[in-house]
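Peer 1: What follows is a predicted protein model with its sequence.
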Amino acid sequence: MSPHGVLVGALLVVGVGVTLASCVGVLVMRDAYDRLHFTAPATTIAPLAIAAAIVLEERFSAAGIKALLVALVLLVTNPVLTHATARAARVRQHGEWTIQEGEQVKGANP
Amino acid sequence: MSEWLVAALALLAGLVPCGVVGLRGDPINRLVGLEMAGTVDTLVLLLLAQAYDRAIYFDLALALALLSFAGGMVFARFLERWI
């Protein structure tokens, strides 16, 4: 097997492995806030690894560029979505999403 | 079977935990399951496009990435308003 093939295979294993681990993390965590953390590796490491594998195989053809574009879109949009979801979760819990009166928050100003 | 097809099939197994999360708990937890499933689906489409060696199929992954973001935002907005 050529070094090129080994590298593509390794990148695919990283991408698939990270995504599957994130899925299991989403399943076993207790609440929505903990679960949201596990969507991050699946939208940063995994798409970049898979797009890199496709670029290695196809060079910068239409396929390679589109794969990089998909990875970029996931990379940019998911933090926004995570923030919106966490905010919605907090609004449902407390009425509004800012720190409430008498609430102890680690790292926040007294 | 190429390595791309094997990777896509392996990733499909990741939809099972997402589905379980999407079927249990309160609406916010279900929404997280849906968002995760959207991400996994995007990656599966990306791998399938490469497996079938058609450049045009990559557009599907791109469309799904953008639409699952839009869908997630709409759901989050509605849940904020107690719908």
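Peer 2: Received the coordinates, thanks.
Peer 1: Mind listing residues that contact stretch A:80-100?
Peer 2: A:32-33, A:36, A:39-40, A:105, A:108, B:28, B:31-32, B:35, B:69, B:72-73, B:76-77, B:79-80, B:82 (Cβ atoms under 8 Å, 6 or more residues apart in numbering or on different chains). The C-beta positions use only the backbone N, C-alpha and C, and glycine is treated the same way.
Peer 1: In terms of secondary structure, what does the helix or strand where A:Leu36 lies contact?
Peer 2: Assigning secondary structure by DSSP states H and E places A:Leu36 in helix A:32-37. Packed against helix A:32-37 by the contact rule (3 or more Cβ pairs under 8 Å, 6 or more residues apart in numbering or on different chains; DSSP states H and E) you find helix A:3-28, helix A:62-94, helix B:27-52.
Peer 1: Can I get the ones you listed in a markdown table including distance to B:Phe58?
Peer 2: Listed next are the helices and strands packed on helix A:32-37 as a markdown table, based on distance: least, Cβ to Cβ, whole Å:
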| stretch | distance to B:Phe58 |
| --- | --- |
| helix A:3-28 | 16 |
| helix A:62-94 | 4 |
| helix B:27-52 | 5 |
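Peer 1: Relative to B:Val16, which of these is closest?
Peer 2: helix A:3-28 (7.8 Å; Cβ to Cβ).
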